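>>> Next one to model:
(chains A and B)
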Protein chains: 2
Amino acid sequence: MSNRLFNFCAGPAALPEAVLKQAQAELLDWQGKGLSVMEMSHRSEEFTQVAETAEQDLRDLLGVPDNYKVLFLQGGASQQFAQIPLNFMAEGGSADYIDTGIWSAKAIEEAQRFGHVNVAASAKGYDYFAIPGQNEWQLSDDAAYVHYTPNETIGGLEYGWIPEVGDKPLIADVSSTILSRPLEVSKFGMLYAGAQKNIGPSGLVVVIVREDLLGNARASCPTMLDYSVAAKNGSMYNTPPTFGWYLAGLIFKWVKEQGGLEAMERLNQTKQRTLYKAIDSSELYSNPINPVDRSWMNIPFRLADDRLDKPFLAGAEERGLLNLKGHRSVGGMRASIYNAVGQDAVDALVAYMAEFERQRG
Amino acid sequence: MSNRLFNFCAGPAALPEAVLKQAQAELLDWQGKGLSVMEMSHRSEEFTQVAETAEQDLRDLLGVPDNYKVLFLQGGASQQFAQIPLNFMAEGGSADYIDTGIWSAKAIEEAQRFGHVNVAASAKGYDYFAIPGQNEWQLSDDAAYVHYTPNETIGGLEYGWIPEVGDKPLIADVSSTILSRPLEVSKFGMLYAGAQKNIGPSGLVVVIVREDLLGNARASCPTMLDYSVAAKNGSMYNTPPTFGWYLAGLIFKWVKEQGGLEAMERLNQTKQRTLYKAIDSSELYSNPINPVDRSWMNIPFRLADDRLDKPFLAGAEERGLLNLKGHRSVGGMRASIYNAVGQDAVDALVAYMAEFERQRG
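Take a look at the predicted model:
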């Protein structure tokens, strides 16, 4: 009997039960080969097949054009914050960044260590409750690229649009939105995503980068941080995180089985509508984000009286609704409803919210 | 029924079956909490307990002194090759390195990108079949540290001694020897090990570093590569590879249950003796390494006629003896016999080697 509960964690996040069951079944003996996928040489025929199939499935799902490399790396999005300027910004160069919250601020702070950052727009003027429209952006002529954060996992802000930046490479941290709906990869110079939300376990980062941008890393860039080295070596300059790569591959297959990204979009759209509707129609709960800028994946909400936070969380846990506590920097609640969190989980949450409001609101 | 075969892979390497079984049993529901350890927030009470227990067990096993930090990082030993100079060698500074084969050469090549490397000794004069004794080393006065590779995974060379380097920090890549026997941590400024041999799955690196060496990273060091940032944040500056950390913890417990590092030493000593004896007493097999410098963990051997390599490997596979092919840069055979490869595996290999020699030698 499975005792699986509903997990609203922002990351590492819930994984599809079917994927975990397959990983469990073959954990000691992968496809009758007599060893775990964790125990295989990354250069073996078997693991090469696992790795290449995963890449192809991701390419199929996103429709990645042939002139883009797909890389499977380590170090999380935080390491990307350094890799991006080290690879794409010359010494003494500059880049444009858009500030919409905690994660874009972290990207900015790290990039400032390697060159000039022009903060071309900031949500600060909106108390981080709205995304500045592109008419407010002050892009600079000499920027090596434009970086933005399509979804702020903590703040719960999300772009419903892709910026137009002319011929500058557009770089986006899609950690918390990748695979949640279709994405027009050709609009971007580079996309990157920590795996631990919609792709798999932590310790894996997926990078999708246009080939013509490679090969310009600074002399001071560590070899392991040079995308062109990873690209030339099929992400195996050294031993990659093989188990994470394998699990990502199982998840790509699972997304295909769900009907691909159009199907995920429909499911995710319904999920977020259900939850925002419950928030907006209540007297007790509220979400402060400008409606058109609301995140589909990470939905923060507050209770009218924060003395009710503790009983709300305790009751949620009793009902098997886990990890609803908001980020420590924001407080309140947050429900992260990535691909592996189903409509059933959202329905259970909404039912509990209504019950709690009737009893305590 | 388990169909587990004997796996002599150099890494990712065999893991203890008992550890894989525990991971399998609790993969969907960790200790009745209703979610996988992969799905837990790294900041949750539950994962904090997993992480802290793993660190404490490793400290117990190695007797790590209190003035050393234990870090759980990403990027493999190859990323350490850059992190070490970025953290410990000032701009324009230098360090001493000892060259004993492919892995020390890689460490040297990367360090040269960040400063002056004095190759204080090289095994080249011995065709990489012997380790230069310390009387041959030409250490420099201005070296920031001394780096060496206690075991060369590809060449099969291993130091049976710890170098004396006065008050210079001694830094060692113990990827392929950690936990194989006791280690006097206090002799070192820093130790580092990719997990995928004796610690766990790939994608995790364990660093043990003396506290007084921290806090001197270059201004150009990416935040994620600064050991002091990792140390201050308990290896959670960002999301760590949680599943690898958890598995490492299970392995530390398993090593304790085997009787700790003294017991592992006895087991490993017997295993390597068995295999070298089989090689040395045959007409068909040979190992070229100076006997006192032979590796316990990675044992390369050649057949007298390399036309026999293919039939040897085919027969081995038929008998469930996997991954005996030598590294492509060396050829021949290599048996990696880390902690999780038991005496039964070595006995089966030796029996097959004798059988093959009788039939084909």
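>>> how near is residue A:38 to chain B?
Per CB to the nearest CB, to the nearest Å, residue A:38 is found 5 Å from chain B. Where C-beta positions appear, they are placed from N, C-alpha and C, glycine not excepted.
>>> do the same with residue A:308
22 Å.
>>> Now that residue: closest residue in space, sequence neighbours ignored.
Distance criterion CB to CB, 6 or more residues apart in numbering or on different chains; nearest residue to residue A:308, sequence neighbours excluded, is residue A:360 at 5.9 Å.
>>> Where does pLDDT dip in chain A?
Along chain A, the model assigns pLDDT under 70 to residues A:1-2, A:361.
>>> please redo it, this time with the cut-off set to 50
Residues of chain A that meet the criterion pLDDT under 50 lie in A:1.
>>> which one's the longest helix in it?
Counting by DSSP state H, the longest helix found in chain A is helix A:260-280.
>>> how many neighbours does the residue lying closest to residue A:15 once chain neighbours are set aside have?
Nearest residue to residue A:15 in three dimensions, chain neighbours excluded: residue A:340, at 5.3 Å (CB to CB, 6+ apart). Residues lying near residue A:340 (other CB atoms under 10 Å in any protein chain shown) number 21.
>>> can you check residue A:95 too?
By other CB under 10 Å, 27 other residues sit near residue A:95.
>>> Which of the helices or strands spans it?
Taking DSSP states H and E as the definition, residue A:95 sits inside strand A:94-99.
>>> How far does that strand sit from its chain's centre?
20 Å (CA atoms, centre = their mean, to the nearest Å).
>>> So what touches the longest helix of chain A?
Residues from elsewhere that reach helix A:260-280 (CB atoms under 8 Å, 6 or more residues apart in numbering or on different chains): A:61-62, A:179-183, A:255, A:258, A:285-287, A:294-297, A:299, A:301, A:335, A:337, A:339, A:341-343, A:346-347, A:349-350, A:353-354.
>>> Filter these down to the ones in strands?
When DSSP state E defines the strands, the subset of these inside them is A:285, A:286, A:299, A:301, A:335.
>>> measure the second one to chain B for me?
In other words, residue A:286. Here residue A:286 is placed at a distance of 24 Å from chain B (CB to the nearest CB).
>>> Then the fourth one?
The span separating residue A:301 from chain B equals 18 Å under the rule CB to the nearest CB.
>>> got it, and the third one?
Separation of residue A:299 from chain B (CB to the nearest CB) stands at 17 Å.
>>> residues contacting the nearest residue to residue A:57 once chain neighbours are set aside?
With sequence-adjacent residues excluded and distances taken as CB to CB, 6+ apart, residue A:57 is closest to residue A:252, at 3.7 Å. Neighbouring residues of residue A:252 by CB under 8 Å, 6+ apart: A:54, A:57, A:58, A:61.
>>> before we move on, which element is residue A:252 in?
Counting by DSSP H and E, the element that carries residue A:252 is helix A:242-258.
>>> now that helix against helix B:242-258, angle please.
Helix A:242-258 and helix B:242-258 are oriented at 130 degrees to each other (axes from the mean of the first three to the mean of the last three CA atoms, to 10 degrees).
>>> What residues of helix A:242-258 count as buried?
A:242-255, A:258 (16 or more other CB atoms under 10 Å in any protein chain shown).
>>> go on, stretch A:56-67?
Buried-residue list, stretch A:56-67, by 16+ other CB under 10 Å: A:57, A:58, A:59, A:61, A:62, A:64.
>>> contacts for that stretch?
Here stretch A:56-67 has contacts from A:70, A:178-179, A:182-183, A:185-186, A:206, A:208, A:210-212, A:248-249, A:252-253, A:255-256, A:260-261, using CB under 8 Å, 6+ apart.
>>> PyMOL command for the buried members of those?
Filtering the contacts of stretch A:56-67 down to the buried ones (16+ other CB under 10 Å) takes a single PyMOL command:
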select buried, chain A and resi 70+178+179+183+185+206+208+210+248+249+252+253+255+260+261
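>>> Show me how far the helix or strand that contains residue A:310 is from its chain's centre.
Using DSSP H and E, residue A:310 sits in helix A:309-318. Helix A:309-318 has its average C-alpha position 27 Å from the chain's average C-alpha position, going by CA atoms, centre = their mean.
>>> and the closest residue to residue A:320 other than its chain neighbours, what is it in contact with?
Nearest non-adjacent residue to residue A:320, counting by CB to CB, 6+ apart: residue A:5, 3.9 Å away. The contact partners of residue A:5, by CB under 8 Å, 6+ apart, come to A:320, A:321, A:322, B:33, B:34, B:35.
>>> looking at it, the first one is touching residue B:33, isn't it?
No: taking CB atoms under 8 Å as the definition, residue A:320 is not a contact partner of residue B:33, at 10.6 Å.
>>> Looking at the buried residues of stretch A:56-67, which one is closest to chain B?
Nearest to chain B among these: residue A:58, at 18.3 Å, using CB to the nearest CB.
>>> doesn't that closest one fall inside a strand?
No: judged by DSSP: H, G, I helix; E, B strand; the rest coil, residue A:58 forms no part of a strand; its state is helix.
>>> still on that earlier bit, ok, and what's touching the helix holding residue A:310?
A:303, A:322, A:324, A:325, A:331, A:332, A:333, A:349, A:352, A:356, A:360.
>>> Could you pick out the buried ones from the residues you listed?
Buried residues within these, counting neighbours by 16+ other CB under 10 Å: A:303, A:322, A:324, A:325, A:332, A:333, A:349, A:352, A:356.
>>> what kind of secondary structure is the last one in?
Pointing back at residue A:356 there. helix.
>>> What's the local residue count around residue A:343?
Using other CB under 10 Å: residue A:343 sits among 13 other residues.
>>> for residue A:203, what are its contacts?
Counting by CB under 8 Å, 6+ apart, residue A:203 touches A:74, A:76, A:195-196, A:241, A:244, B:74, B:203-204, B:240-244.
>>> which stretch of helix or strand covers it?
When elements are assigned from DSSP H and E, residue A:203 belongs to no helix and no strand.
>>> nearest spatial neighbour of it, skipping sequence neighbours?
Using CB to CB, 6+ apart, the closest residue to residue A:203 is residue B:241 (2.8 Å).
>>> hang on, the one you found packs against residue A:202?
Yes: counting by CB under 8 Å, residue B:241 touches residue A:202, with 5.6 Å between them.
>>> Need the residues touching each of those two.
With CB under 8 Å, 6+ apart as the test, residue B:241 and residue A:202 both reach residue A:244.
>>> the more surrounded of those two?
Between residue B:241 and residue A:202, counting by other CB under 10 Å, residue B:241 is the more crowded of the two (33 against 28).
>>> what residues are up against the residue nearest to residue A:15?
Contacts for residue A:340 (CB under 8 Å, 6+ apart) come out as A:13, A:14, A:15, A:16, A:198.
>>> same thing but at 7 Å, please
A:13, A:14, A:15, A:16 (CB atoms under 7 Å, 6 or more residues apart in numbering or on different chains).
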